[in-house]
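Engineer: Output the structure for:
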Amino acid sequence: MRRLYRTGILVVTLFALCVCSGCKEGGEVPEGTTPTSGASDVQTGENHPEGTETPVSGFDTYSEALMLQQAVEARALPAVERRLPKEADVVIVDKMLTGVYGADVQFATENADTLTGALVSEGLFCYAEDGTIAPNIAKSYTVNSDFTKYTIYLREGLRWSDGVLFTSDDCVFFYEEMCLPETFGETLWQCFTVGNGSKKERAVMKKLDAYSFEVVFPSSKPEFLNELLAQGGICFAPEHYHVNLLPEYMGEDAAKAKAADMGYANTAEMLRETVANAWNTKGVPTLNPYVLSTEEGADNVKGNYYEFVRNPYYWKVDAAGKQLPYMDRLGFTRISDESQKMLLTTEGFLSISLLNAEQVPEALSGAARGEYRVITWTDASSYAVKNSLKNFPEQCPYEEKVRGVGAAHAECWYME
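Structural biologist: The predicted model follows:
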């Protein structure tokens, strides 16, 4: 097990966890984000294929973390330029300052689902700071005038964490092979249906080409993207990985044997964990900035300690062309109650500690010994937290995650 160490950072909020809207774990969907209708197809988002592409500017070449440089030199990874999408489709985080690479962020958690998913999850779309829907993994979308057809365009050259190209096949596969047959144990999400009760009808998803697909409803569905974001914006799965798990592709006996080999009681549990809880499952390719470690002693979210390590194929860079994320690892120590978290906090073992109002006095009393700062908000919404940071004497150079305020702040305060 990797030893915890001091970083001198503490966040204390008035609620247990702050996550931005759109995250599946408790996020609320902001009102007023429905696309505006018109007489013809409405173009929304950025970098539409038929529009003007935003050029890469402010740097001549990309750069990467030392651990990735070393892997490239050892020929274990392709060069960073080959791991990113095509130039016009790389996401550039537009911030005034840039961060530095290295070190870990240490958390304490009772439940892997409630914290780690919020910090590392990425969706096709996200909410911008003003509450509008913004492209993320997708680079743009259009919707027709009666909100029955959504055309979604993907970033060309974006890759899964194992280096395999991400295409529209992964989106159609997820819908047809997992959502419709309820493969991972959840009923068909509301975002893919229209109508009520027995009159509820489902959408049809159609691949247009390698980087675009349509979602077509039998009647008007203006709330589609809002409802999709309520599910985390997830509309994809790595087809190349899951065809080796699904019984309809490999046969029932082979699927059962695969489940047993992976440590699951049955096929249903294997599919649930590798789809619904994919970020918490070792070996599942991801589009997130971090992937669960494969290192023994850090690879099991049900263990006493586990880690997420940076995804070498992550598709965002900062304003200087540095591939994100900055931090090498996110480490999580499992606790059974809040008293254990407080002990780890006051001893300075945690990089970030999200506490409640009753714990503030004890946290304040241990700040000098633990070498951390206590920061409180009267409103723990993600927008309030981010606005509070702007008033700090030190400017936050980069908010790494839209959904994970903890990871974003760690990147900021690591700069001090």
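Engineer: Check what pLDDT residue 319 gets.
Structural biologist: Note for residue 319: predicted pLDDT of 87.
Engineer: okay, now it: neighbour count?
Structural biologist: If you count neighbours by other C-beta atoms under 10 Å, residue 319 ends up with 17. Every residue, glycine included, has its C-beta placed from N, CA and C.
Engineer: That one reaches residue 91, doesn't it?
Structural biologist: No: if you go by C-beta atoms under 8 Å, residue 319 and residue 91 don't touch, sitting 11.6 Å apart.
Engineer: On the strand side of things, show who residue 212 bridges to.
Structural biologist: residue 153, residue 209 (DSSP bridges).
Engineer: OK, contacts around it?
Structural biologist: 49, 151, 152, 153, 154, 168 (C-beta atoms under 8 Å, 6 or more residues apart in numbering).
Engineer: all helices of the stretch 301-416 of the chain, in order?
Structural biologist: 338-346, 360-365, 367-370, 382-390, 405-414 (DSSP state H, counting those that start in this stretch).
Engineer: which residue sits closest to residue 147 in space, ignoring its chain neighbours?
Structural biologist: residue 222 (4.2 Å; C-beta to C-beta, 6 or more residues apart in numbering).
Engineer: residues touching the spatially closest residue to residue 202 that is not a sequence neighbour, list them.
Structural biologist: Among residues not flanking residue 202 along the chain, residue 193 sits closest, at 5.3 Å (C-beta to C-beta, 6+ apart). Counting by C-beta under 8 Å, 6+ apart, residue 193 touches 200, 201, 202, 203.
Engineer: Most neighbours among the residues you listed, which one?
Structural biologist: Busiest of the contacts of residue 193 [other C-beta under 10 Å] is residue 203, holding 23 neighbours.
Engineer: I'd like the distance between that one and residue 90.
Structural biologist: Look at residue 203 and residue 90: by C-beta to C-beta, to the nearest Å, they are 30 Å apart.
Engineer: What of residue 225?
Structural biologist: For residue 225, the distance to residue 90 - C-beta to C-beta - is 23 Å.
Engineer: more neighbours, these two?
Structural biologist: residue 225 (27 against 20).
Engineer: Name the nearest residue to that one, sequence neighbours excluded.
Structural biologist: Nearest to residue 225 is residue 133, by C-beta to C-beta, 6+ apart, at 5.3 Å.
Engineer: Check the burial of that neighbour by counting its neighbours.
Structural biologist: Per other C-beta under 10 Å, the neighbour tally for residue 133 reads 22.
Engineer: Can you tell me how far it is from residue 89?
Structural biologist: Residue 133 sits at a distance of 18 Å from residue 89 (criterion: C-beta to C-beta).
Engineer: One more: residue 63?
Structural biologist: Taking C-beta to C-beta, one finds residue 63 at 19 Å from residue 89.
Engineer: Comparing those two, which shows the higher neighbour count?
Structural biologist: More neighbours surround residue 89 than the other of residue 63 and residue 89, with 20 against 15 (other C-beta under 10 Å).
Engineer: what's the closest non-adjacent residue to the more buried one?
Structural biologist: residue 155 (3.8 Å).
Engineer: hang on, that neighbour packs against residue 124?
Structural biologist: No: counting by C-beta under 8 Å, residue 155 stays clear of residue 124, with 10.3 Å between them.
Engineer: quick one: residue 276 from residue 360, how far?
Structural biologist: For residue 276, the distance to residue 360 (C-beta to C-beta) stands at 35 Å.
Engineer: Quick check: the residue nearest to residue 225 touching residue 227?
Structural biologist: No: using C-beta under 8 Å, residue 133 is not in contact with residue 227, being 11.5 Å away.
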